[in-house]
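Please find the sequence and the predicted model below.
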Amino acid sequence: MTDAAGSRTAAWLVHLATQRKLSAHTVAAYGRDLHELARLADGRDWAAIGSADIRRYASKLHAAGQDGRTIARKLSAWRGFFDWLAEHVALPVNPVDGVRAPKRAKSLPKALSVDDAVQLVATPARKAAAAPTSAELCNTAMFELLYSSGLRVSELCSLDLHYRKADGALPASTGWLERDNGEVIVTGKGNKMRRVPVGSAALAAIDAWLRVRPAPADGSAALFLNERGGRMAPRVVQTRLKAHALATGAPMHVHPHMLRHSFASHVLQSSGDLRAVQEMLGHASITSTQVYTALDFQHLAQVYDKAHPRAK
């Protein structure tokens, strides 16, 4: 990298840190991406790089085994740099504009089978003769609700027992249980609120938990509490679900989002109503929900392979 190119790089990183207020971690990542561009450019001046060069660099990254997501991120960083550079030197165009990363193969979300999902949420991780602890009752209620309503784990943890207005340092509820209606109201991505039904098994598990639920230590109305009486954190739910899945013999590693995927796949298999699933999941676009049609087809294909005498 020439001295001039190096000084431009350093100035841009300072701009990101001081003007755009990006974190040190993000700035360091941009620095690595730009350093890689300089390596690919092999000492050429920034202003001499054209769109054909950028396409060639992206192809080299792909040939070296980098996936489309990684290359897309680097192109985004390079595009931002050249946008900034155009404010300081004469550039005919941004050479990264119009250059796209190689398409990456879409990976389908992993979902449990209906039997495995029901077995997971309905099976206690203790000996049948032992009385459930309050933590176990809380776990059962959380896991049943995740599968029953397809909630994101962040939405689950933000639920209150009932709606609560802002009170001093405590903000107003962003999600809450409406037990009489058999529903939860949650606030998802983009601060969009939605109403989702809760199944009878999840309601029964919630009722069992509420009979032993202590008053929240922080004075909030949090529905699910940790051992110290504070609001349950997503990381704790993830850890508890993983341990529960291992204890009950689940066939794979299970995380909270897998229960959301399972909910969507199973409702779609039974109803075929893609729009309804979209509404319950809180997807802004039907495109995000359509991935579950592929899961549904996979399920049908598996049934065919097992059942049809001429399938194999």
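The structure has been received and is ready for your questions.

For stretch 52-67, output the C-alpha coordinates as CSV.
As requested, the backbone C-alpha atoms of stretch 52-67 are provided in CSV (Å, rounded to 0.1, in the frame of the first residue of the first chain):
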residue,chain,number,x,y,z
ALA,A,52,-13.8,-4.7,-13.3
ASP,A,53,-11.0,-4.8,-10.7
ILE,A,54,-13.5,-5.1,-7.9
ARG,A,55,-15.3,-8.0,-9.7
ARG,A,56,-12.0,-9.7,-10.2
TYR,A,57,-11.1,-9.3,-6.5
ALA,A,58,-14.5,-10.7,-5.4
SER,A,59,-13.9,-13.7,-7.7
LYS,A,60,-10.5,-14.3,-6.1
LEU,A,61,-12.1,-14.3,-2.6
HIS,A,62,-14.7,-16.7,-3.8
ALA,A,63,-12.1,-19.0,-5.4
ALA,A,64,-10.2,-18.9,-2.1
GLY,A,65,-13.2,-20.4,-0.3
GLN,A,66,-14.9,-17.3,1.2
ASP,A,67,-18.7,-17.6,1.2
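
Buried residues in it, which are they?
By 16 or more other C-beta atoms under 10 Å, the buried positions in stretch 52-67 come out as 53-54, 57-58, 61, 66. In this view, the C-beta of every residue, glycine as well, is placed from N, C-alpha and C.

Reformat those residues as JSON lines; add secondary structure and pLDDT.
Compiled in JSON lines, the buried residues of stretch 52-67 are given as follows (DSSP: H, G, I helix; E, B strand; the rest coil; pLDDT from 0 to 100):
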{"residue": "Asp53", "secondary structure": "helix", "pLDDT": "91"}
{"residue": "Ile54", "secondary structure": "helix", "pLDDT": "91"}
{"residue": "Tyr57", "secondary structure": "helix", "pLDDT": "91"}
{"residue": "Ala58", "secondary structure": "helix", "pLDDT": "89"}
{"residue": "Leu61", "secondary structure": "helix", "pLDDT": "89"}
{"residue": "Gln66", "secondary structure": "coil", "pLDDT": "86"}
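
Show me where the stretch 51-200 of the chain dips below the pLDDT cut-off.
104-109, 125-129 (pLDDT under 70).

hmm, back to that, in a markdown table: the buried residues of stretch 52-67, plus distance to Lys21.
Converted to a markdown table, the buried residues of stretch 52-67 look like this (distance: C-beta to C-beta, whole Å):
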| residue | distance to Lys21 |
| --- | --- |
| Asp53 | 31 |
| Ile54 | 28 |
| Tyr57 | 29 |
| Ala58 | 29 |
| Leu61 | 29 |
| Gln66 | 29 |
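
so how far is whichever helix or strand Met142 is part of off the chain centroid?
Here Met142, judged by DSSP states H and E, is contained in helix 134-149. Remark: helix 134-149 is offset 20 Å from the chain centroid, using C-alpha atoms, centre = their mean, to the nearest Å.

Can you name the element that comes right after it?
With DSSP H and E, the next secondary element past helix 134-149 is helix 153-157.

Return the set of buried residues in that following helix.
In helix 153-157, counting by 16+ other C-beta under 10 Å, buried: 153-157.

Kindly report the same for stretch 274-288.
274, 277-278, 280-283.

Please apply the same query to stretch 184-192.
Counting neighbours by 16+ other C-beta under 10 Å, the buried set in stretch 184-192 is 184-188.

Would you mind putting the buried residues of stretch 274-288 into TSV with secondary structure and distance to Lys103 alongside?
TSV is the format used below for the buried residues of stretch 274-288 (DSSP: H, G, I helix; E, B strand; the rest coil; distance: C-beta to C-beta, whole Å):
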residue	secondary structure	distance to Lys103
Leu274	helix	24
Val277	helix	26
Gln278	helix	24
Met280	helix	30
Leu281	helix	25
Gly282	coil	27
His283	coil	22
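
Show me what the helix holding Met142 is packed against.
helix 114-122, helix 153-157, helix 200-210, helix 234-247, helix 256-271 (3 or more C-beta pairs under 8 Å, 6 or more residues apart in numbering; DSSP states H and E).

which residues make contact with that helix from outside it?
117, 120-122, 124-126, 132, 151, 153, 156, 184, 196-199, 201-202, 205-206, 208-209, 212-214, 224-225, 227, 232, 237, 240-241, 244, 256, 259-260, 262-263, 280 (C-beta atoms under 8 Å, 6 or more residues apart in numbering).

The nearest residue to Ser220 once chain neighbours are set aside bridge partners, please.
Nearest residue to Ser220, sequence neighbours excluded (C-beta to C-beta, 6 or more residues apart in numbering): Leu170, at 5.6 Å. With DSSP bridges as the criterion, Leu170 is bridged to Asp167.

mind showing which ranges of the stretch 201-312 of the chain have poor pLDDT?
288, 291-312.

ok so, going back, quick one, which of the helices and strands packed on helix 134-149 is packed in tightest?
helix 153-157 (a mean of 22; mean count of other C-beta atoms under 10 Å).
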